[in-house]
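Visitor: give me a model of this one.
(2 chains)
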Amino acid sequence: EVVLTQSPGTLSLSPGERATLSCGASQSVGGSYLAWFQQKPGQAPRLLIYGSSFRATGIPDRFSGSGSGTDFTLTISRLEPEDFAVYYCQLYDTSPQLTFGGGTRVDIK
Amino acid sequence: DVQLVESGGGLVQPGGSLRLSCEASGISLKNYWMHWVRQAPGKGLVWISRSNGDGTMRDYADSVRGRFTISRDNAKNTLFMQMNRLTDEDTAVYYCARGGNVLIQREANLLYWWGQGAPVTVSS
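Guide: Prediction:
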């Protein structure tokens, strides 16, 4: 079973700053089956990125994803007030079990 | 627009049972993999189960296998989760989520759309 480790646990930044979130896999992820979700308090998660780097419908271009193998990154180029939330990575390969990372909280500094 | 609306959550005693429903609109459920994901208070997301389009393939996380059963009624466009022998560790918000089209195997586990969640509390 692949384990996803997200870092840092919490990121404290100011609006307008750049956020870089990491997701590490315990084994190589073939086919870039890596997605990123955003979750705000009291809300359901929302799909941001799939296939490691493709933005989901309606996601602003300040969000970008990159990486392959065991190391993946979500970058928010300039933080907007509505971007302060918790972010999860997820492996969605063809395994009958899905895996999420533990999450990174992006807080207002 | 796709909408997934969960219902059936609530307070239940340890050892009890509960049945969650997830009604879909804007899509034909039979064409999609469907999943249940839960989130304990203050914790992260944990996948618990999935079902293919016609319900013939069903997978479970170890933590719920043998106690929880996923099913669907495609005629009513509704997904279910029957939860038995509940413990306090099952206390969580339960989300249903739409996976990929059944014809695209590589996207079966990509969770495109999520419901708003159904809270379940197991307590005496």
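
Visitor: and the longest strand that chain B contains, what does it pack onto?
Guide: Identified as the longest strand of chain B according to DSSP state E is strand B:92-101. For strand B:92-101, the packing partners by 3 or more C-beta pairs under 8 Å, 6 or more residues apart in numbering or on different chains; DSSP states H and E come out as strand B:3-7, strand B:18-25, strand B:32-39, strand B:45-51, strand B:78-83, strand B:113-114, strand B:118-122. For every residue, glycine as well, the C-beta is placed using N, CA and C.

Visitor: list the buried residues in that strand.
Guide: Neighbour-count burial for strand B:92-101, counted by 16 or more other C-beta atoms under 10 Å in any protein chain shown, picks out B:92-101.

Visitor: now do stretch B:13-23
Guide: Result for stretch B:13-23 [16+ other C-beta under 10 Å]: buried residues B:18, B:20-23.

Visitor: tilt between the longest strand of chain B and strand B:118-122?
Guide: 140 degrees (axes from the mean of the first three to the mean of the last three C-alpha atoms, to 10 degrees).

Visitor: direction included, what does strand B:92-101 pair against?
Guide: Strand pairing for strand B:92-101, using DSSP bridges, gives strand B:32-39 (antiparallel), strand B:113-114 (antiparallel), strand B:118-122 (antiparallel).

Visitor: if you drop the residues flanking it in sequence, what lies closest to residue A:68?
Guide: What sits nearest to residue A:68 in space, not counting adjacent residues and going by C-beta to C-beta, 6 or more residues apart in numbering or on different chains, is residue A:32, at 5.8 Å.

Visitor: quick check: phi and psi at the spatially most central residue of chain A.
Guide: Geometric centre of chain A, nearest residue: residue A:36, 3.6 Å, by C-alpha atoms, centre = their mean. Backbone torsions of residue A:36, given as degrees, to the nearest 10, read phi -120, psi 140.

Visitor: quick one: it and residue A:87 touch, right?
Guide: Yes. Using C-beta atoms under 8 Å as the test, residue A:36 is close enough to residue A:87 to be in contact (6.2 Å).

Visitor: mind listing the shared neighbours of these two?
Guide: Counting by C-beta atoms under 8 Å, 6 or more residues apart in numbering or on different chains, the common neighbours of residue A:36 and residue A:87 are A:21, A:48, A:74.

Visitor: neighbour-wise, give me the winner out of those residues.
Guide: Ranked by the number of neighbours (other C-beta atoms under 10 Å in any protein chain shown), these place residue A:74 first, at 28 neighbours.

Visitor: list the contacts of stretch A:93-104.
Guide: With contacts defined as C-beta under 8 Å, 6+ apart, stretch A:93-104 is touched by A:1-11, A:21-23, A:29-31, A:33, A:39, A:86-92, B:35, B:37, B:44-47, B:50, B:59, B:61, B:105-106, B:108-109, B:111.

Visitor: repeat that with 7 Å
Guide: Applying C-beta atoms under 7 Å, 6 or more residues apart in numbering or on different chains, the external contacts of stretch A:93-104 come out as A:1-2, A:4-6, A:8-9, A:11, A:21, A:23, A:29-31, A:33, A:86-92, B:44-47, B:59, B:61, B:105-106, B:108-109.
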